[in-house]
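J.: For reference, the sequence and a predicted model appear below.
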2 protein chains.
Amino acid sequence: MATALARVAIVGTGLIGGSLGMALRETGRVVHGIDHRPGRLDRAQERGAIDRGFPSVAEGAAGCDLVVIAVPAAHIPPAACEALDADVRIVTDVGSVKRPVVTAIDAWRPATSHRFIGGHPMAGSEQEGVEGADPAMFLGATWVLTPTARTSAEDYAALRSLIGEIGAEVVAVEPTAHDELVAVVSHVPHLAAGTLMRLASGRAIEHATLLRLAAGGFRDMTRIAAGNPGIWPDICASNRDAIVATLDAYIEALGEVRDVVARGDRNSLAHMLTEAMVARRALPASAAHAGPIVELRVPIEDRPGLLGEVTTVAGELGVNILDLEIAHSVEGGPGVLVLVVPEVGADSFEAALAERGFRIARRSVE
Amino acid sequence: MATALARVAIVGTGLIGGSLGMALRETGRVVHGIDHRPGRLDRAQERGAIDRGFPSVAEGAAGCDLVVIAVPAAHIPPAACEALDADVRIVTDVGSVKRPVVTAIDAWRPATSHRFIGGHPMAGSEQEGVEGADPAMFLGATWVLTPTARTSAEDYAALRSLIGEIGAEVVAVEPTAHDELVAVVSHVPHLAAGTLMRLASGRAIEHATLLRLAAGGFRDMTRIAAGNPGIWPDICASNRDAIVATLDAYIEALGEVRDVVARGDRNSLAHMLTEAMVARRALPASAAHAGPIVELRVPIEDRPGLLGEVTTVAGELGVNILDLEIAHSVEGGPGVLVLVVPEVGADSFEAALAERGFRIARRSVE
């Protein structure tokens, strides 16, 4: 079988774009790099991140099946629109915030925006630029896609499969939910780490020994603060409401801890820290799944927006779609959506789908 | 030369006590374990953490040169007093908070408390008990000692040297300053990590996918929350004032970040995050020192409390005392305190000591 999405153009050849280019080239795909700064294209080519460089989206996207937008947040919608205009099958991005991107593209390209599927790989490094690029960056990482009711199941399955080939695991989340969730697990943690580092650094002016007392825990907590701050004003601007709401909740929760410590309430403190310990120990160590799996087959004939609905239901229930494909019968027709999910949670997933009027056939796999 | 402090008793044979026992046995020392729970002594002996176990401090400390108290915070002062009563040369502890311990021992044993030198190794692990003990735990770690004006320079030098033998680097800090500093780099970070984990875990109830989106940064930031919460009510009770003050400062600083994000002030946000990045990148990677060093020689004849003063001055200036010994002249007499410090900072250290009336001789080393 021919490689799906065999020609990929990447707009922006920095840390993420470069890593993705390397990883895709390792799968045998042809990768076009698009950057308006020729020096960056040269460096990306030297690092083996792209096969060929182009100065514009129109030139680089021509003849490609997929365009990945890997530029700073504010530049994603215009670049995605240029890519949609170049008539490629699928356009995706790797930005940290999804609702504003999806909304802008829907507004600017209402006729073709269904070919845009928002994306966000939960991966990165403290390094910068293509010099820090690493084809292994996505191994075991979670990669969010935000299909909507207008996303074609075939396009979603093809993109999902490509991402799986470079070692990441796809989770489908509704764009607004994505933005609220990353405020909690990414944006506010980053701001909290930076604030803790600034607090300690300020105190170190009074007592120079302070930072030498920083053991592993402090180092771990502040590590992300060492990253390039350049992207954060954009992220904070585009996800402002969710970040402010989450910071408010964090400040309130810290205030409760402060009061518990101040009044010497040992039981409440022990309870809080035990809750945190249990939750941290339960944090999935990796996206990989072991255990029995089942296959759910859903006919997709007469159901527009089926894919967005199915993946949103899975996300809400925390059901991890391990594999997904569109099976077409030999007689043609719209076919069947085949979902592979862990047996654990499959019952509630099936029930939730049935409740929404889907017809589902289930079988155990091996 | 005979090993200094050749027989060591450790009260409490858990994670830290067990690790210390293993490390000290590797230096050829004889290690007594003291624990009132016989099962724990058996496990410590099986793990090679102690040579022999004793049920009481009086029995286990007899004939020892050093007793290390490695029990929970609330039990340190009584155990240290028992050890002082057993007439050992030096008693130290490994507790996370120092002022209450030093104050209690001074009050309860005014005649012998000068033989107690507070200690706090900035090391640990997420594991628990002697089962998690590791003789390499202290390699490269910073180990705080809190000598006071009444500490003998010889005792301090001997304890310092023993700690150096197991791979840790000693920093001398005044007890109250220690407690304020660890509130910033250890206690509040722990509470902040736990609070962040609880916040995320609460949100995960609404959206089960949330924790699968947690990438490396979130994992790093919350790692310490996975540790045993059992010690924290004690720590928070004994260091309450410093922790509450630091939490207040942290909450205030987070409020400023929140306001900057809410009003879309990109410049201030970039400035804050850049400050944090610069500070984090400057965080010393390890306690090890490379670079030119100098030797400062300070006669100690007529100066009570010299050691506490000298080490406090070094701590305030952030000068790392790389080596320290008491040189006695062949004619006897009180001798000279020899301090080895990095050339960087040696000038200001020497000036600060001279300002306090010390006579100092300086020479470059190698």
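T.: Cool, got the structure.

J.: Report the separation between the closest residue to A:A158 other than its chain neighbours and A:L24.
T.: Nearest residue to A:A158, sequence neighbours excluded (Cβ to Cβ, 6 or more residues apart in numbering or on different chains): A:A4, at 5.0 Å. Bear in mind the C-beta positions are built from the backbone N, C-alpha and C, glycine included. Remark: distance between A:A4 and A:L24 (Cβ to Cβ, to the nearest Å) = 12 Å.

J.: which SS state does the residue in the stretch 151-300 of chain A that chain B sits nearest to fall under?
T.: Nearest to chain B, among the residues of the stretch 151-300 of chain A, is A:A208, at 2.1 Å (Cβ to the nearest Cβ). Following DSSP: H, G, I helix; E, B strand; the rest coil, we place A:A208 in the coil state.

J.: Number of residues surrounding it?
T.: Neighbour count for A:A208, taken as other Cβ atoms under 10 Å in any protein chain shown: 16.

J.: Correct me if wrong: it contacts B:G318.
T.: Yes. Using Cβ atoms under 8 Å, A:A208 is in contact with B:G318, at 2.1 Å.

J.: what's the spacing between stretch A:71-90 and its chain's center?
T.: Taking Cα atoms, centre = their mean, to the nearest Å, one finds the center of stretch A:71-90 at 17 Å from the center of the full chain.

J.: Next up, the contacts around the residue nearest to A:A158.
T.: A:65, A:158, A:161-162 (Cβ atoms under 8 Å, 6 or more residues apart in numbering or on different chains).

J.: looking at this, it is in a helix?
T.: No. Counting by three-state DSSP, A:A4 is not found in a helix; it is coil.

J.: how close does it sit to chain B?
T.: For A:A4, the distance to chain B (Cβ to the nearest Cβ, to the nearest Å) stands at 25 Å.

J.: Do you know the pLDDT at that residue?
T.: pLDDT recorded at A:A4 is 88.

J.: now the one 10 residues further on
T.: Among the per-residue scores, A:G14 holds a pLDDT of 93.

J.: Under the pLDDT cut-off, which ranges of the stretch 151-300 of chain A? List them.
T.: Applying pLDDT under 70 to the stretch 151-300 of chain A flags residues A:284-291, A:300.

J.: And the helices in it?
T.: In the stretch 151-300 of chain A, the helices defined using DSSP state H, counting those that start in this stretch lie at A:153-165, A:175-182, A:188-206, A:216-222, A:232-238, A:240-262, A:266-281.

J.: For the fourth one, name the packing helices and strands.
T.: Looking back up the chat, that one is helix A:216-222. helix A:188-206, helix B:188-206, helix B:216-222 (3 or more Cβ pairs under 8 Å, 6 or more residues apart in numbering or on different chains; DSSP states H and E).

J.: List the contacts of the last one.
T.: Pointing back at helix B:216-222 there. Residues outside helix B:216-222 that contact it (Cβ under 8 Å, 6+ apart): A:123-124, A:185-186, A:189-190, A:192-193, A:220-221, A:223-224, A:276, A:280, A:283, B:193-194, B:196-197, B:200.

J.: before we move on, back to that, please produce CSV containing the helices and strands packed on helix A:216-222, extended by mean neighbour count and distance to A:R109.
T.: CSV is the format used below for the helices and strands packed on helix A:216-222 (neighbours: other Cβ atoms under 10 Å in any protein chain shown; distance: least, Cβ to Cβ, whole Å):
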stretch, mean neighbour count, distance to A:R109
helix A:188-206, 23, 31
helix B:188-206, 23, 32
helix B:216-222, 22, 33
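
J.: I'd like these laid out as TSV, including distance to B:S238.
T.: Shown next, in TSV, are these (distance: least, Cβ to Cβ, whole Å):
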stretch	distance to B:S238
helix A:188-206	20
helix B:188-206	14
helix B:216-222	25
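
J.: and of the ones you listed, who's closest to A:A149?
T.: Among the helices and strands packed on helix A:216-222, the nearest to A:A149 by Cβ to Cβ is helix B:188-206 (21.7 Å).

J.: now that closest one against helix A:175-182, angle please.
T.: On the basis of axes from the mean of the first three to the mean of the last three Cα atoms, to 10 degrees, helix B:188-206 is oriented at 150 degrees to helix A:175-182.

J.: What's the end-to-end length of stretch A:137-148?
T.: This stretch, stretch A:137-148, spans 27 Å end to end (Cα to Cα, to the nearest Å).

J.: meant to ask about stretch A:132-152, not that
T.: The first residue of stretch A:132-152 is 35 Å away from its last residue (Cα to Cα).

J.: Is there proximity between that stretch and chain B?
T.: Yes. Applying Cβ under 8 Å from any Cβ of the partner chain, one finds that stretch A:132-152 is in contact with chain B at A:141-142, A:144.

J.: which parts of the stretch 1-150 of chain A sit against chain B?
T.: Within the stretch 1-150 of chain A, the positions near chain B by Cβ under 8 Å from any Cβ are A:122-124, A:141-142, A:144.

J.: what's the closest non-adjacent residue to the residue nearest in space to the middle of chain A?
T.: The residue lying closest to the centre of chain A (Cα atoms, centre = their mean) is A:H120, at 2.5 Å. Using Cβ to Cβ, 6+ apart and skipping residues adjacent in sequence, the residue nearest A:H120 is A:V144, 4.4 Å away.

J.: how many neighbours does A:G28 have?
T.: The local packing of A:G28 (other Cβ under 10 Å) involves 9 other residues.

J.: That one reaches A:T3, doesn't it?
T.: Yes. The pair A:G28 / A:T3 is scored as a contact, 6.0 Å apart, by Cβ under 8 Å.

J.: Based on its surroundings, how many neighbours for A:A177?
T.: A:A177 is flanked by 20 other residues according to other Cβ under 10 Å.

J.: What residues does it make contact with?
T.: By Cβ under 8 Å, 6+ apart, the residues touching A:A177 are A:312, A:315, B:207.

J.: Please identify the helix or strand for the residue nearest to the centre of chain A.
T.: Element membership of A:H120 [criterion: DSSP states H and E] is strand A:116-121.

J.: how distant is the helix or strand that that strand is followed by from the center of its chain?
T.: Sequence-wise, the next helix or strand downstream of strand A:116-121 (DSSP H and E) is strand A:142-146. Centroid displacement of strand A:142-146 relative to its chain, using Cα atoms, centre = their mean, is 4 Å.

J.: Does strand A:142-146 pack against any helices or strands, and if so which?
T.: For strand A:142-146, the packing partners by 3+ Cβ pairs under 8 Å, 6+ apart come out as strand A:116-121, helix A:153-165, strand A:169-172, helix A:175-182.

J.: now that strand: mean pLDDT?
T.: For strand A:142-146, mean pLDDT is 92.

J.: so that strand versus helix A:153-165, what angle?
T.: Going by the same axes, to 10 degrees, strand A:142-146 makes 170 degrees with helix A:153-165.

J.: List of residues touching strand A:142-146?
T.: Residues from elsewhere that reach strand A:142-146 (Cβ under 8 Å, 6+ apart): A:92, A:98, A:102, A:117-123, A:156, A:159-160, A:163, A:168-175, A:178, A:287, A:311, B:212-213, B:215.

J.: Any idea what A:V336 is bridged to?
T.: For A:V336, the residues forming beta bridges with it (DSSP bridges) are A:P299, A:A327.
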